[in-house]
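Trainee: Okay, sequence plus prediction incoming.
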Amino acid sequence: MDETEKLILEPSKVGLKLNPQNVDICYPPIFQSGGKFDLRPGAASNDECLYYDRASVIICAIGSRYHNYCSNAARTFLIDANSIQSKAYDVLLKAHAAAISELKPESKASAAYLAALSVVEKDAPELLPNLTKSTGTGIGIEFRESGLNLNAKNDRVLKAGMVFNVSLGFHNLQSGISNSKQQNFSLLLADTVVVNDDKPEVLTAKVSKAVKDVAYSFNEVEEKPVKGKGPANGTEALISKTNLRSDNSEKSKEEQRRHHQAELARQKNEETARRLAGDVPGSGNNRSTAKSSADLVAYKNVNDLAPKRDLMIQVDQNNEAVLLPIYGSMVPFHVATIRTVSVQAESASTNQASYIRIIFNVPGTPFSPHDTNSLKNLGSIYLKEVSFRSKDTRHINEVTQVIKNLRKRVVSRENERAERATLVTQEKLQLAGNKFKPLRLNDLWIRPVFGGRGRKIPGTLEAHANGFRYSTSRQDERVDVMYGNIKHAFFQPAENEMITLLHFHLHNHIMVGNKKTKDVQFYVEVMDVVQTLSGKRSAYDPDEIEEEQRERARKNKVNTEFRTFVIRVQDLWQQPQFEGLELEFDQPFRDLGFHGVPYKSSAYIVPTTNCLVELIENPFLVVTLAEIEIVNLERVGLGQKNFDMAIVFKDFKKDVLRIDSIPSTSLEGIKEWLDDTEIKYYESRMNLSWKPILKTITEDPQSFLDNGGWEFLNLEGTDSDSEQSQESDQGYEPSDMESESESEDDSSDSASLVESEDDDEEDSEEVSEGEEGKTWEELEREASNADKEKGNESDSEEERKRRKMKAFGKGRAPPAGGIPKRSKLRR
């Protein structure tokens, strides 16, 4: 029962893309079996295990809420049903369908029950005493609408748009079996139905109640159908569609996942082939090209120069220029043309002179690529660097500091201007005005923060007609986020974190202050991150308990405010003008999260319905699952405490994202999540260098596809291939070895394992004829000559003997009186 509640409260586990915050249960799920049944809406499950022996019945009823509106469904499952149970279920199925068909506009509420009653009277009148007294009630925000009972006495006229819980059943039926748990049984069917103008719509129709979907068998051998005393149409005893001991149930989860991954690999290779076939070779990529700067002019003409003073370095901050004395003239240079400036003293003494070195940006070098201005004057000669010597150390240091500060300010301004030039022009925000009151969240902080000095202040987030606006009390601190620019929206309440947040991942960059970003986050701290501890704190301290209660109350209050704001914005996004945007707040699933290092520090990474995110630590991580080509799990093997995850995107020109140092305990959970989200994953024992791999694929996609696509990453496939190659190598013998072994077998006439010395001498002669070896005297003579050359005549007798023995080991034939011959063993 608890597992069923979890599935209801987490729709993503059953493949439904619903916000879990909008889902709840109407009542605890009801499971009944073993002869103890209660068909009343207020029934409850007992603590006994389900009974599913032959001729047993199991009733399941589930009620859930979505946006506070209720729905209900109930089904009866039959295990090896006998003829009595088969007949009763068939009649109930027909009566339930008849009741639903009578839910029409301008019809009376009693018509549904009377239609069901007439079916039972016609097909099985003996079951009338066991029929429930109504066919359900109205359902909506309340699970039971008291004025909309579908019984024989209610003459209320139905209207289009009404919703009913059509519930019908038989209680306390006798199966004809003496076993107490099988003697009594009940049947129940319930569906949520909407009254429409043409015909009623069953909202829970996907939960089949057909005989072939609710009848099961535990018999090893399939039984033949037994005809019962059915109605005139010849109803037969139920035959199970599904055998609970089928091969599918016996397959382990790992085998099913392996088969599914193999199918995903085939689909992925086909998809990659289609995508690569549509690409144009040599097309532009997403990498930024050389940034062209605007025309940087310090002075438009000579008359604008400051009056000539002493021949010393001067800085004109108004015109952003540095004037250098060159050959008796003051030559201006715009500060943006300077790359670095440094000072170096001749010695440690303060009375010595100092040198100032200024290095300029030279177009065409690795540090300064050509821009639009330099390309106009390719034949120009550029000044690379200048150095000046001065005895005024204080002046040199001041000038250096002023140049650095001025350059930093100018470069920052130019970078911001260049970033703004690449921004996509967005639509203008339409304020709510008189149309409706804007939705508002107060006292929020923003990330990334606004630039500038001064104390940071919180702001207000407002939802207007076509976008959000965040603003503070300062006039220059304002950000607009248009609905059309939102790619993913996330709501993460404070559970194990210190903040509750709303996060927007955008299609195109926007400017927050002077920062260009695709991620904008608004958050509130629900408790102090740092607490001052003074002395010992007791868990039973009243002040401590009161403080914890205040923090808990504040967390609940903040989460409720955010959740209310999200629900209201979600309702706003349901309007027809936003239908094509497919906007919906996504919420991370903490139960599926894992620790890893996506950038420089460890973080807790959690999946959502459409993404893989980390929204607490900066920089944020937002990976769209639909943009992932494959995932390679690296450093996976026995004895490894951690492994890495490499995410390859469908756009091969994007860098591969690495998440390092994931605990090995999370491996199975990650593999199961990847398989559930239809993402193909591979495993490898080492880290791969992905840049050359992707470069090879993009340069020659046809060879990549001809060689099996991504299957070169298949660790299991490569292992099986290597095993086959090893087996084939072991089974192969060269022809020389075969002929040699055959000659040895043919020449062997003796059954003895040990040959005589004569045979050994004959063998040695044959060897010497085939390959001539050195004699003992020749080896001794060579060793003596080597000793003379090295000046080792004074070596001891023991060393000489050792060298002789070593040299003897290399010889083919030992001397006759030396080491005795060893018997040769036949192979």
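Mentor: That came in fine, so what should we check first?
Trainee: got the residue ranges for the helices in the stretch 401-550 of the chain?
Mentor: 542-573 (DSSP state H, counting those that start in this stretch).
Trainee: Tell me where it is predicted with low confidence.
Mentor: Across the stretch 401-550 of the chain, the ranges flagged by pLDDT under 70 are 419-424, 434-435, 452-454, 528-540.
Trainee: who touches the nearest residue to residue 416 once chain neighbours are set aside in this structure?
Mentor: Take residue 416 and drop its neighbours on the chain: the residue closest to it by C-beta to C-beta, 6 or more residues apart in numbering is residue 514, 4.9 Å away. In short, each C-beta sits where N, CA and C put it, glycine included. Contact analysis of residue 514 by C-beta atoms under 8 Å, 6 or more residues apart in numbering lists 412, 416, 451.
Trainee: Of those - the most surrounded one?
Mentor: Of all the contacts of residue 514, residue 416 has the most neighbours under the rule other C-beta atoms under 10 Å, reaching 16 neighbours.
Trainee: bridging residues for the closest residue to residue 130 other than its chain neighbours?
Mentor: Nearest non-adjacent residue to residue 130, counting by C-beta to C-beta, 6+ apart: residue 170, 4.5 Å away. Note on residue 170: beta-bridge partners by DSSP bridges are residue 131, residue 187.
Trainee: Okay, residue 170 and residue 185: tell me how far apart.
Mentor: Separation of residue 170 from residue 185 (C-beta to C-beta, to the nearest Å) stands at 9 Å.
Trainee: mind checking the SS state of the most centrally placed residue in the chain?
Mentor: The geometric centre of the chain, computed from its C-alpha atoms, lies nearest to residue 612 (C-alpha atoms, centre = their mean), at 4.2 Å. When states are read from DSSP: H, G, I helix; E, B strand; the rest coil, the local structure at residue 612 comes out as strand.
Trainee: Report the mean confidence score over stretch 178-195.
Mentor: Throughout stretch 178-195, pLDDT has a mean value of 89.
Trainee: Tell me the buried residues in it?
Mentor: 181-182, 184-193, 195 (16 or more other C-beta atoms under 10 Å).
Trainee: next one: stretch 595-604
Mentor: Of the residues in stretch 595-604, 596-599, 603-604 count as buried by neighbour count, 16+ other C-beta under 10 Å.
Trainee: Of those, which pair is most distant in space?
Mentor: The most widely separated members of the buried residues of stretch 595-604 are 599 and 604, with 13.4 Å between them, by C-beta to C-beta.
Trainee: Residue 204 is in what secondary structure piece?
Mentor: Taking DSSP states H and E as the definition, one finds residue 204 inside no helix or strand.
Trainee: I'd say it and residue 189 touch.
Mentor: No. Residue 204 is beyond contact range of residue 189, at 10.4 Å (criterion: C-beta atoms under 8 Å).
Trainee: show me where pLDDT drops low in the stretch 201-350 of the chain?
Mentor: 218-252, 278-296, 308-309, 347-350.
Trainee: Helices of that one, start to end?
Mentor: Ranges of helices in the stretch 201-350 of the chain, per DSSP H, counting those that start in this stretch, are 211-214, 247-250, 253-278.
Trainee: follow-up on the earlier one: between the buried residues of stretch 595-604, which is nearest residue 631?
Mentor: Of all the buried residues of stretch 595-604, residue 631 sits closest to residue 596, with 12.6 Å by C-beta to C-beta.
Trainee: what are the phi and psi values for the closest one?
Mentor: With angles defined as degrees, to the nearest 10, residue 596 sits at phi -170, psi 180.
Trainee: For it, list the residues it contacts.
Mentor: 602-603, 605, 645, 659-662.
Trainee: what pairs with it across the strands?
Mentor: Assigned bridge partners for residue 596, using DSSP bridges, are residue 603.
Trainee: show me where the stretch 601-750 of the chain has strands.
Mentor: Assigned by DSSP state E, counting those that start in this stretch, the strands in the stretch 601-750 of the chain fall at 603-607, 611-614, 621-624, 628-634, 642-649, 657-663, 681-683.
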